[in-house]
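Student: Need a 3D model of the sequence below.
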Amino acid sequence: MKIVEAHLVQLAAVIETGGVTEAAAMLGMTQSAVSRTLSILEKRIGEPLFVSGRRPMQPTPLGEQLGQQGKAILASSRKAMEIVRSFKSGSSGRVRIGGVPFFMDAVVSPMIASFQRGEPGIMVYQSYGNYPDLVAELDSGQIDLAVTPTGSVDLRADLHFEPILTARNVLTCGAGHPLVRKRTLATEDIVNYPWIAPLPGSPLVLDLHNILLTLGLAEVSLRYAGGSLLSVVNYLAGTDALAILPHSVVHAFRGENKISIIPLDIPQPERVLGVMTRKKPYSNPAGRKFLGHMRREFAELRRAVEKHEKTIQWVQGPFMGERERIHSGE
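Tutor: The predicted model follows:
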């Protein structure tokens, strides 16, 4: 004997509302359709489901037990409808975001936190990777969007890239470093201190190489490598080492008095930071809502970083010619 799940749902509705008319209204059905369902159920089971002559309608012991099963189905159906509604509105779901490590930790993770304060029903999965890894993860569907720096030569036709922040690096040191107070810097000032190596695969590796080329140097003394962002910040704070870091990353630590910017304008990369997605992604309203939040947060970050940069008194040094060349448009 097979019992149709929809029949149990109608039975539960009648028990819940106490009448066929009320149940039909709750389910959006006609009274005759619900009455016909109860008749079919009783014939199939061979037992009455309601006590005769009682108003509101009172289930028999068997009717009560079957009604409990229908109630569970009805609850699951309502839950499923709520899940669909929440998903379509972007108030529930998941967002999987990958990005370059230092930037994700310093800049994006606070954005995730502020987003979830307003959208607690959305789960965010954060992962790390450089450009090639992130492209592969987008292709395989492991992430929904990637935050990554890239140049125009890197862009693939089947991916969408939305620029959000111009790449801007700064020479970084611990707070109180002797170079912060110098008004003129020479090449010797830079090479006489130890350096932190950028993470393997990071665009900062090439940026450091370009700085050395500009100075006519083959290498600097690398003393520390492989650390997380927090490790690098703590190492800078406890030593006289130098490092190349994105200005936006250093800006995120402005209130902690651990690291400082050496006001020496260094050669800048020709790339931008942006959000990369597949051009034909699957439907993800939560992802679209998160992307909108990131656009607003990055717009504010861009204004804050530009404002901070204008307050820095850039000192004379071996890169000033490069700075003047760029600003003159040569």
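Student: show me where pLDDT drops low in the protein?
Tutor: Within the chain, the segments meeting pLDDT under 70 span 151-154, 316-317, 319-330.
Student: Report the central residue of it.
Tutor: Residue closest to the mean C-alpha point of the chain, counted by CA atoms, centre = their mean, is residue 97 at 4.5 Å.
Student: who's in contact with it?
Tutor: 108, 112, 124-127, 143-147, 290 (CB atoms under 8 Å, 6 or more residues apart in numbering). Any C-beta I mention is one placed from the backbone N, CA and C, and that applies to glycine too.
Student: And residue 121, by the same measure?
Tutor: So residue 121 contacts 86, 91-93 (CB under 8 Å, 6+ apart).
Student: That one and residue 282, how far apart?
Tutor: 19 Å (CB to CB, to the nearest Å).
Student: do the same with residue 190
Tutor: 49 Å.
Student: More neighbours: these two, which one.
Tutor: In this view residue 190 and residue 282 are compared by other CB atoms under 10 Å, and residue 190 has more residues nearby, 23 against 8.
Student: Touching, that one and residue 216? I think so.
Tutor: No - with contact defined as CB atoms under 8 Å, residue 190 does not count as touching residue 216 (12.0 Å).
Student: Just the buried residues of stretch 297-305, please?
Tutor: Using 16 or more other CB atoms under 10 Å as the test for burial, stretch 297-305 gives 297-298, 301, 305.
Student: Also stretch 192-199?
Tutor: So stretch 192-199, judged by 16+ other CB under 10 Å, has buried residues 193-199.
Student: Equivalent analysis for stretch 237-248, please.
Tutor: Neighbour-count burial for stretch 237-248 [16+ other CB under 10 Å]: 237, 239, 241-248.
Student: who's sitting farthest from the centroid in this protein?
Tutor: Quick read of the chain (CA atoms, centre = their mean): farthest out is residue 53, 60.5 Å.
Student: give me the element the residue nearest to the centre of the chain is part of.
Tutor: strand 93-99 (DSSP states H and E).
Student: Run the chain-centre distance for that strand.
Tutor: 5 Å (CA atoms, centre = their mean, to the nearest Å).
Student: Count the neighbours of residue 79 for me.
Tutor: 10.
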